[in-house]
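>>> Need a 3D model of the sequence below.
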Amino acid sequence: MKRIIVRLLAAIGAATVVFMLLGILSMSLLLRRLTGDGIPAKTVLELNLEHGLIEYVPEDRMVGIFSRRAPTLRDVTDALEEAARDKRVVAVLARVGSHGLGLAQIQEVRGAVAAFRESGKPTIAYAETFGEAGPGTGAYYLATAFEHVYLQPSGDVGLSGLIVESPFIRGTLDKIGLEPRFAQRREYKNAMNVFTERKFTPPHREATQKVIDSQFGQIVRGIAEARSLSDETVRALVSKGPLTGQLALDNKLIDGLAYRDEVVATLKEKFGKDIKPLSFTKYVARTERPHEQGDTIALIYGVGAVQRGKGGYDPMSGSVSMGADSVTAAFRAAVEGKDVKAILFRIDSPGGSYVASDTIWRETLRAKEAGKPVIASMGNVAGSGGYFVAMAADKIVAQPGTITGSIGVLSGKMLTNKFWDKVGVSWDEVHTTENALLWTSRHDYSPAQWTQFEASLDRIYDDFTSKAAQGRNLPKEKILAAAKGRIWTGEDAKTLGLVDELGGLSLALHLAKEAAGITADTDVQLEVFPREKPSLRQVLMERLFEDETEEEEDMAMPTDAFVQSMQKLQPLLRLVHQLGLTATPGVLSMPEVEPVQ
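Model prediction:
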């Protein structure tokens, strides 16, 4: 009772602050209406692309009030689309230089810049350096989307190619007495290799090399086309990299050596001294987003590791989870919405729970059966469970650099007896049946249990590949050849029939309109689902009685058995994550291959 009273007082205090902030916000909006939207007549739109862009953060009213919302990838693309037709925007100036974006995100921004350039307005990329004492390939590839590229005289162009590094901790596990006991379907399913191997297995190396070769080829072609060079010339320059600014200028990789103030001075000479810079975040806040009127296309995000229950955002780690309850509720709301003509499903996920993935897959199928076309758009990664949730869509769109596929399954547990012996901890237990020991980390699988375990992997793999064949309308033999747990780039996945088109969200929206019978030149309202947001009262009550509600939810929705068996290894998994490898427990999990660019 005492805890509830304390929480109630805290909630009242928080509500008071909230209402004060809402009053200030209302006054600010009123002043803006009276004085205009604050966009100068000669605006230079500034994009800061030095840092990463997030794909999506679930709406949370308390978080939205008390913390600054990080810019999203869609913020950038929307700003460029709106600015292209905004007569007040005379040019775009982007700051680039560090590696903060995944390859598919870079390609998404490049596509948006290319569309903006069709307006005839200048686009300029400026960098202090492309990768100071580090790689700059990805950052420079991004910069080449702009009409002009300038580099500070002291900077370098860190074109040096791609590398994928992966730690293997089998030796560490042996030293501390942990024994991995895993199995997978099939040989290319490699997320568990970090625990079971000391180096790349031949299939692991083959698949990874194929991915970075494909991605590097995309980068080379993009640079060559943008800078009017041959592929061979670009490859030769990369082999000599990193390059000094003067060498980059001599080889036509950049347009000039200049400091930022000198770049701005050239814009003032062209458009007058009264030009005003405006950040894209402020521009998005002060203008209407594109696609705000007309028939509704529902935009549903599936971002982060796939899990049962609700999805959410962890502000401490910055990670987002794709909760099956949240995503399926969004699909049902979109299906029930009479004004919704189609669904655009945006996915960026390395996979996760098989059961949760199957739950979401079912809702995509039901949406189609209800007459709502579903178009899947893939971001940096749509692998394993991230591919599972997409494969029933009417069309699948991926960037050439998207990591996708990984049609496979893995599971298992870590045996801990030797570890406990080393630290002097003893365990004992009582049990009712032999199979009650299946999930404990202190007992190995018996021969009968291992046979049962292998059969469950076969069942899941057969289900995954059968549904992939059904969704992609391909013979199962062709799916089996492309599956085996292997990852592909979007470019290679298209040749295998795993995706339909190469492009970004704008292409996916075009396909959604087409599937809904909406002409290409007709505008639509792109609306994020689910629509309903919890009221402030609901949020406060949920916080007030969170112990009681969480207990009820846990009883109603028990944790997946495999995830339960891995919970004791969370400190080790966090260490693996810190070393640069995604290792989310789950039968469909996979590490994200992210080359150092």
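
>>> Do a quick rundown of the strands in the stretch 101-250 of the chain.
Taking DSSP state E, counting those that start in this stretch as the criterion, the stretch 101-250 of the chain carries its strands at 123-127, 148-151, 156-157, 179-185, 243-244.

>>> other SSEs contacting the second one?
It refers to strand 148-151. Counting contacts by 3 or more Cβ pairs under 8 Å, 6 or more residues apart in numbering; DSSP states H and E, strand 148-151 packs against strand 123-127, helix 245-250, strand 256-257. For the C-beta atoms, the positions are set from N, CA and C on the backbone; glycine is no exception.

>>> Let's see it as CSV, backbone CA atoms only.
Extracted C-alpha coordinates of strand 148-151, given in CSV (Å, rounded to 0.1, in the frame of the first residue of the first chain):
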residue,chain,number,x,y,z
HIS,A,148,29.0,18.4,-55.4
VAL,A,149,31.4,16.9,-52.9
TYR,A,150,33.8,19.1,-50.9
LEU,A,151,36.5,18.0,-48.4
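
>>> How are the helices of the stretch 101-250 of the chain distributed by residue range?
Ranges of helices in the stretch 101-250 of the chain, per DSSP state H, counting those that start in this stretch, are 103-117, 137-143, 170-176, 193-196, 202-226, 231-240, 245-250.

>>> I'd like the distance between Val284 and Leu509.
The gap separating Val284 from Leu509 is 18 Å, by Cβ to Cβ, to the nearest Å.

>>> typo on my end, Ser426
Ser426 is 60 Å from Leu509, by Cβ to Cβ.

>>> Those two: which is more packed in?
Leu509 (21 against 7; other Cβ atoms under 10 Å).

>>> Could you find the closest non-adjacent residue to Phe195?
Pro180 (4.1 Å; Cβ to Cβ, 6 or more residues apart in numbering).

>>> For the one you found, give me its contacts.
170, 173, 192, 195-196, 412, 414-415 (Cβ atoms under 8 Å, 6 or more residues apart in numbering).

>>> Ranking by neighbours, what's the top pick from the residues you listed?
Ranked by neighbour count (other Cβ under 10 Å), the contacts of Pro180 have Phe195 at the top, with 23 neighbours.

>>> show me where pLDDT drops low in the stretch 401-550 of the chain?
Filtered on pLDDT under 70, the stretch 401-550 of the chain yields the residue ranges 532-550.

>>> Can you show me the helices along it?
417-423, 447-472, 476-482, 490-496, 505-515, 536-544, 546-556.

>>> Those: which one's closest to Ala94?
helix 505-515 (18.5 Å; Cβ to Cβ).

>>> quick revisit: could I get the helices of the stretch 401-550 of the chain as TSV with distance to Thr432?
Below are the helices of the stretch 401-550 of the chain laid out as TSV (distance: least, Cβ to Cβ, whole Å):
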stretch	distance to Thr432
helix 417-423	21
helix 447-472	15
helix 476-482	40
helix 490-496	47
helix 505-515	52
helix 536-544	38
helix 546-556	21
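
>>> Stretch 404-416: end-to-end distance?
34 Å (Cα to Cα, to the nearest Å).

>>> coming back round to it: so which of the helices and strands packed on strand 148-151 has the densest surroundings on average?
strand 123-127 (a mean of 24; mean count of other Cβ atoms under 10 Å).

>>> Report the secondary structure state of Leu47.
Following DSSP: H, G, I helix; E, B strand; the rest coil, we place Leu47 in the strand state.

>>> Count the residues that sit near it.
26.

>>> Just give the closest residue to it, not the sequence neighbours.
Ala94 (4.1 Å).

>>> quick one: strands adjacent to the host helix or strand of the one you found?
Using DSSP states H and E, Ala94 falls within strand 89-96. Here strand 89-96 is paired, per DSSP bridges, with strand 43-48 (parallel), strand 123-127 (parallel).

>>> one step back: so which of the helices of the stretch 401-550 of the chain is nearest Gly120?
Nearest to Gly120, of the helices of the stretch 401-550 of the chain and by Cβ to Cβ, is helix 505-515 at 19.1 Å.

>>> ok and that closest one relative to helix 103-117, angle-wise?
80 degrees (axes from the mean of the first three to the mean of the last three Cα atoms, to 10 degrees).

>>> before we move on, back to that, turn the strands paired with strand 89-96 into CSV, including distance to Thr144 and mean pLDDT.
Output for the strands paired with strand 89-96, formatted as CSV (distance: least, Cβ to Cβ, whole Å; pLDDT from 0 to 100):
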stretch, distance to Thr144, mean pLDDT
strand 43-48, 15, 94
strand 123-127, 8, 97
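
>>> quick one, which of these is nearest to Glu288?
Across the strands paired with strand 89-96, closest to Glu288 is strand 43-48 (Cβ to Cβ), at 15.5 Å.

>>> Determine how far the closest one lies from the middle of the whole chain.
Here the centre of mass of C-alpha atoms in strand 43-48, compared against the chain's by Cα atoms, centre = their mean, to the nearest Å, lies 25 Å away.

>>> ok, now which ones touch the residue nearest to Gly504 when sequence neighbours are not counted?
Closest residue to Gly504 apart from its sequence neighbours, by Cβ to Cβ, 6+ apart: Glu108 at 4.3 Å. By Cβ under 8 Å, 6+ apart, the residues touching Glu108 are 73, 77, 379, 399, 504-505.

>>> Nearest to Leu278, out of the helices of the stretch 401-550 of the chain?
Closest to Leu278 of these is helix 505-515 (Cβ to Cβ; 22.9 Å).

>>> circling back: looking at the helices of the stretch 101-250 of the chain, which one is packed in the most?
On a mean-neighbour basis (criterion: mean count of other Cβ under 10 Å), the most buried of the helices of the stretch 101-250 of the chain is helix 137-143, at a mean of 29.

>>> what does that helix contact?
49, 94, 96-99, 101, 103, 106, 109-110, 125, 127, 130-131, 149, 157-162, 219, 222-223, 238, 241, 253, 597.

>>> residue closest to the middle of this protein?
Most central in the chain under Cα atoms, centre = their mean is Asp348, positioned 3.6 Å from the mean C-alpha point.

>>> mind checking how far that one is from Ser319?
On the measure of Cβ to Cβ, Asp348 and Ser319 end up 12 Å apart.

>>> Mind listing the shared neighbours of these two?
Gly304.

>>> Leu509 contacts His291, correct?
Yes. Proximity of Leu509 to His291 meets the contact threshold set by Cβ atoms under 8 Å, at 7.3 Å.

>>> Any chance you could list residues touching both of the two?
Common neighbours of Leu509 and His291 (Cβ under 8 Å, 6+ apart) are 297, 524, 526.

>>> which ones are touching the nearest residue to Ala114 once chain neighbours are set aside?
Leaving aside its chain neighbours, Ala114 sits nearest to Ala145 (6.3 Å; criterion: Cβ to Cβ, 6+ apart). Taking Cβ under 8 Å, 6+ apart, we find Ala145 in contact with 109-110, 113-114, 123, 125, 226.

>>> excluding its backbone neighbours, what's nearest Gly405?
Using Cβ to Cβ, 6+ apart, the nearest residue to Gly405 is Trp488, at 4.3 Å.

>>> and that neighbour, what is it in contact with?
Trp488 neighbours (Cβ under 8 Å, 6+ apart): 210-211, 214, 403-405, 482, 496, 498.

>>> Any chance of these in JSON lines with distance to Gln246 as columns?
Putting these into JSON lines (distance: Cβ to Cβ, whole Å) gives the following:
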{"residue": "Lys210", "distance to Gln246": "36"}
{"residue": "Val211", "distance to Gln246": "34"}
{"residue": "Ser214", "distance to Gln246": "32"}
{"residue": "Ile403", "distance to Gln246": "36"}
{"residue": "Thr404", "distance to Gln246": "40"}
{"residue": "Gly405", "distance to Gln246": "43"}
{"residue": "Ala482", "distance to Gln246": "47"}
{"residue": "Leu496", "distance to Gln246": "44"}
{"residue": "Leu498", "distance to Gln246": "44"}
